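A.B. asks: Below are the sequence and a predicted model for it; my questions follow.
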Amino acid sequence: MIAKQYTIKLPADYDMEIIRRRVRDRGSVFDDWPGLKFKAYLISEASAGATANRYAPFYVWHDTAGTNEFLYGDGFAGIGSSFGRPLIEHWIGLGMRIAGGARPRSATREDVLVHDREDLAAVRERELTRLESAGDAYAAVVALDPYRWQLVRFALWSMPVGELGNLPGVTAYEVLHLSE
């Protein structure tokens with residue numbers, strides 16, 4: 001499993017309806033994309049209390065074949081032509097839990113530093129145990145960036161972003177569409 005996310009920071013006065021329309025018009029293209037477990041089309045809006053306007057899709061791929069087809073094909077070319085080529089964060093998947101349920105309306109991302117002296121097997125075990133107790137999440141993913149030694153904890157929730165509350169160190173997003 002490979003997790004990826006790119007974040008496009010948009011101007012404070014950017015009309016976020018442009019992104020909403022883009023996702024409405026093009027989002028279903030990924031509904032049956034080969035090798036894709038899911039793609040969450042995410043935004044954050046300054047007008048809704050976020051620190052900035054952002055378009056930040058989050059992907060979970062089964063393997064590199066699907067992600068390569070996207071990256072080197074028309075899928076990613078559209079992003080590049082509209083916004084320029086963004087940097088893509090990527091992580092090696094440690095685990096995923098999909099409970100399903102009501103359509104996800106929000107998402108959270110938490111970055112967690114893995115300290116030098118932490119036993120990596122213990123970190124993995126801790127995160128897998130935490131993943132199993134993800135509560136009411138529609139889906140939860142934990143993955144590792146071994147370059148920065150940083151974990152990403154990503155979850156999809158059925159509640160609106162405004163109901164998530166203030167979660168220190170956590171970035172919250174609105175889910176516009178989920179391709180599975």
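C.D. replies: Happy to help now that I have it. Numbers count the residues shown, from 1 in each chain.

A.B. asks: Report the mean per-residue pLDDT for the helix or strand harbouring residue 108.
C.D. replies: Using DSSP states H and E, residue 108 sits in strand 106-113. Strand 106-113 shows a mean pLDDT of 96.

A.B. asks: and it, what other elements does it pack with?
C.D. replies: If contacts are counted by 3 or more CB pairs under 8 Å, 6 or more residues apart in numbering; DSSP states H and E, strand 106-113 sits against strand 150-157, strand 170-179. From N, CA and C alone the C-beta is placed, and that goes for glycine too.

A.B. asks: For the first one, buried residues please.
C.D. replies: Read it as strand 150-157. 151-157 (16 or more other CB atoms under 10 Å).

A.B. asks: do stretch 123-141 as well
C.D. replies: Neighbour counts using 16+ other CB under 10 Å place 123-124, 127, 131, 134, 137-141 of stretch 123-141 among the buried residues.

A.B. asks: contacts for the longest helix along the chain?
C.D. replies: Longest helix in the chain by number of residues, with DSSP state H as the criterion: helix 120-132. Applying CB atoms under 8 Å, 6 or more residues apart in numbering, the contact partners of helix 120-132 are 94-97, 114, 140-142, 151, 153.

A.B. asks: Following the chain past that helix, name the next helix or strand.
C.D. replies: Sequence order places strand 139-145 as the next helix or strand after helix 120-132, per DSSP H and E.

A.B. asks: Need the residues that contact stretch 73-85.
C.D. replies: 6, 8, 22, 26, 29-30, 33, 55, 69-70, 86.

A.B. asks: Just the buried residues from these, in PyMOL please.
C.D. replies: In PyMOL, this line selects whichever of the contacts of stretch 73-85 come out buried by 16+ other CB under 10 Å:
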select buried, resi 6+8+22+30+33+55+69+70+86
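
A.B. asks: Among the contacts of stretch 73-85, which one lies nearest to residue 44?
C.D. replies: residue 55 (8.7 Å; CB to CB).

A.B. asks: Redo the helices and strands packed on strand 106-113 as CSV? Include mean pLDDT and distance to residue 109.
C.D. replies: Putting the helices and strands packed on strand 106-113 into CSV (pLDDT from 0 to 100; distance: least, CB to CB, whole Å) gives the following:
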stretch, mean pLDDT, distance to residue 109
strand 150-157, 96, 5
strand 170-179, 95, 5
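
A.B. asks: any chance of these in CSV, with distance to residue 110 too?
C.D. replies: Shown next, in CSV, are those (distance: least, CB to CB, whole Å):
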stretch, distance to residue 110
strand 150-157, 4
strand 170-179, 5
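
A.B. asks: Among those, which comes closest to residue 39?
C.D. replies: Of all the helices and strands packed on strand 106-113, the one in closest proximity to residue 39, counting by CB to CB, is strand 170-179 (4.4 Å).

A.B. asks: tell me, what residue is most central in this protein?
C.D. replies: Central residue of the chain (CA atoms, centre = their mean): residue 58, 2.7 Å from the mean position.
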